[in-house]
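> Have a look; sequence and predicted model below, questions after that.
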Amino acid sequence: MKKKVLFLCTGNSCRSQMAEGWLRYLYRDHFDAFSAGIAKHGMNNYAIQVMKEIGIDISTHHSKLLTELKNLNFDLVVTVCSNAHESCPLFPGKAKVVHVPFDDPPALAAGLTDQEAIMAHYRRVRDQIGEFVKSIDKLVD
């Protein structure tokens, strides 16, 4: 049976969505990937763009609240930002919770007008998330 992994972030618009996309792309036969947020911020267009650059389509994803997944039992919950980590509820069952903080691309790009400079922040975080996801099997029993 496939293990269920949840990526949790504040708004479920960028980092958690990229992580879900990576896991589905790399390990769809081994894991069921989900993402959610403490709030709904909608999908981040830059996140969609940088994932598409590497052949991962997250354009059909949508921003979800954690409460929308309340009936699922997760094997692993990964909080990808400090706010989600601090707000992370207790999960029933055997869920292992780990915190892996990634920089927030929208915050890094705030105030920038040069598209290439903006995209550089998103690409860096995308690649860092990808490296983490590539080794996620070590976290799940």
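Looks like it came in fine. Worth saying up front: this structure is predicted, and the values here are computed from it rather than measured.
> what ranges do the strands span in the chain?
Chain-ordered strands for the chain, with DSSP state E as the definition, fall at 3-9, 31-37, 76-79, 96-99.
> so what's residue 31 up against?
Residue 31 makes contacts with 2, 3, 4, 5, 23, 136, 140, as judged by C-beta atoms under 8 Å, 6 or more residues apart in numbering. All C-beta atoms are positioned from the backbone trio N, CA, C, and that covers glycine.
> redo that, cut-off 7 Å
Shown here is residue 31, whose contacts under the criterion C-beta atoms under 7 Å, 6 or more residues apart in numbering are 2, 3, 5, 23.
> likewise residue 44?
Contacts were defined as C-beta under 7 Å, 6+ apart; by that measure residue 44 touches 13, 14, 106.
> again, only using 8 Å
With contacts defined as C-beta under 8 Å, 6+ apart, residue 44 is in contact with 13, 14, 17, 105, 106.
> Please tell me I have it right and the first one contacts residue 43.
Right, the one you point to is residue 13. Yes - counting by C-beta atoms under 8 Å, a contact exists between residue 13 and residue 43, whose distance comes to 5.8 Å.
> Could you check which of the two has the larger neighbour count?
In this view residue 13 and residue 43 are compared by other C-beta atoms under 10 Å, and residue 13 has more residues nearby, 26 against 19.
> Quick check: that one vs residue 35, distance?
Relative to residue 35, residue 13 is positioned 10 Å away (criterion: C-beta to C-beta, to the nearest Å).
> Residue 25 too?
If you go by C-beta to C-beta, the gap between residue 25 and residue 35 works out to 13 Å.
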